[in-house]
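In: Here is my input; please provide its structure:
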Amino acid sequence: MITRAAKLISLYARVNIQNLAAYRFDMYMRIVVSILHLISELMGVWIIFHGTRSVRGWQWQHMLVLVGVYRLVAGGIRIAIVPNMRRLLEDIRNGTLDFVLLRPVNSQFLVSIREVVVYRVADVLLGIFVAGYGCYALRGALPFRESVEFALMLAAGFAIVYAVWLMLGTLCFWFVRVQNIEMVFWNVFEAGRFPIDIYRPQVRWLLTYVIPLAFITTVPAAALIGDEAKIPPSAPLWGFALAGIMLFVSNRFWHFGLRHYSGASA
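Out: Numbers count the residues shown, from 1 in each chain. Have a look, this model is predicted:
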């Protein structure tokens with residue numbers, strides 16, 4: 001089963017790479033744009049810390065780690081999650097989801113791997129570089145424990161984002177025209193560029209337990225920093241529990257939505 005899934009992922013990745021090779025100049029320009037976006041974010045950090053040493057306990061090194069994690073997560077989302085959900089919305093609107101449902105493969109798995117935007121790997125690499133530099137500037141080395149905890153929390157964060165997007169995409173079975181979903185998502189996700197500590201208690205609670213943005217950017221960054229004051233001891237447990245619950249709920253919601261799909265014949 002795992003081997004078959006890996007072969008399918010590899011097949012779709014190769015097809016997307018071949019399609020991208022036909023538009024290399026466009027790919028290079030998009031990478032340049034990603035670099036410019038990162039530079040603007042780093043300039044924002046420089047402006048903030050030009051006149052102060054810390055903001056709510058976050059020094060400039062900490063903010064570099066957070067910016068790097070934000071860029072890494074945003075890149076990962078743009079590589080596969082958003083492109084696949086965007087295509088799902090189009091398939092539901094046009095009735096072409098029938099071609100996916102007729103194949104002898106798990107439908108949720110298939111709609112999640114068909115699109116791979118390879119050049120967005122540049123965002124991931126840039127994020128790793130910035131976060132790594134922030135850690136190096138902070139203490140010169142990255143302990144193994146913090147690295148493992150960061151990787152686990154990052155995986156939980158991606159699982160949460162995927163579950164959210166799958167549920168948003170499933171809504172299209174009832175509400176066909178939901179083009180603004182992506183814009184709303186990115187507007188909310190923009191708040192993840194900053195630590196949740198800077199927000200008022202009500203907003204902080206909202207971004208932790210209602211819109212779990214804290215578990216997507218701030219908590220992984222705090223785990224990488226290794227500062228227990230910035231991450232409660234129970235945060236990893238809450239993050240994994242939330243990721244598991246949301247994956248289960250999104251899967252059930254997906255199957256519920258499929259029962260209401262009319263198909264091209266409707």
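
In: tell me the contacts of the residue nearest the centre of the chain?
Out: Nearest to the mean C-alpha position of the chain, by Cα atoms, centre = their mean, lies Ile77 at 3.7 Å. By Cβ atoms under 8 Å, 6 or more residues apart in numbering, Ile77 lies in contact with Phe158, Val161, Phe189. Any C-beta I mention is one placed from the backbone N, CA and C, and that applies to glycine too.

In: do the same with Trp46
Out: Trp60.

In: ok, now the one 3 residues further on?
Out: The neighbours of Phe49, taking Cβ under 8 Å, 6+ apart as the test, are Val55, Gln59, Trp60, Met63.

In: do you know how far it is from Met43?
Out: 11 Å (Cβ to Cβ, to the nearest Å).

In: again, but for His50
Out: Counting by Cβ to Cβ, the gap from His50 to Met43 is 10 Å.

In: With Gly169 instead?
Out: Gly169 is 35 Å from Met43, by Cβ to Cβ.

In: okay, the two: which has more neighbours?
Out: The neighbour comparison of Gly169 against Met43 (other Cβ atoms under 10 Å) goes to Gly169, with 26 against 10.

In: what does the model give that one for pLDDT?
Out: You'll see Gly169 listed with a pLDDT of 88.

In: how about it, secondary structure?
Out: helix (DSSP: H, G, I helix; E, B strand; the rest coil).

In: can you pull the contacts of Ala223?
Out: Ala223 touches Glu146, Glu149, Phe150, Met153, Ile231, Ala235, Pro236, counting by Cβ under 8 Å, 6+ apart.

In: quick revisit: so which of the contacts of Phe49 are in helices?
Out: Trp60, Met63 (DSSP state H).

In: who wins for most neighbours among the contacts of Phe49?
Out: Met63 (24 neighbours).

In: residues of stretch 160-174 that come out buried?
Out: 160-170, 172-173 (16 or more other Cβ atoms under 10 Å).

In: Now for these: which two are most distant?
Out: Ile160 and Phe173 (21.8 Å; Cβ to Cβ).

In: ok, back up a step: can I get the contacts of Ile77 in TSV including secondary structure?
Out: Shown next, in TSV, are the contacts of Ile77 (three-state DSSP):
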residue	secondary structure
Phe158	helix
Val161	helix
Phe189	helix
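
In: Can you add distance to Ile31 and give those back as CSV?
Out: Listed next are the contacts of Ile77 as CSV, based on distance: Cβ to Cβ, whole Å:
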residue, distance to Ile31
Phe158, 22
Val161, 23
Phe189, 21
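
In: nearest to Leu97, of those?
Out: Nearest to Leu97 among the contacts of Ile77, with distances taken as Cβ to Cβ, is Val161, at 21.9 Å.

In: low-scoring pLDDT stretches of the stretch 151-266 of the chain, where are they?
Out: Applying pLDDT under 70 to the stretch 151-266 of the chain flags the ranges 176-179, 227-230, 232, 263-266.

In: So which residues of it form strands?
Out: Using DSSP state E, counting those that start in this stretch, the stretch 151-266 of the chain contains no strands.

In: how near is Leu166 to Glu115?
Out: The value you get for Leu166 to Glu115, if Cβ to Cβ is used, is 14 Å.

In: go on, Ala241?
Out: 30 Å.

In: Can you name the residues that contact Trp60?
Out: Val45, Trp46, Phe49.

In: Look up which helix or strand Arg87 falls in, please.
Out: Secondary structure assignment for Arg87, by DSSP states H and E: helix 82-94.
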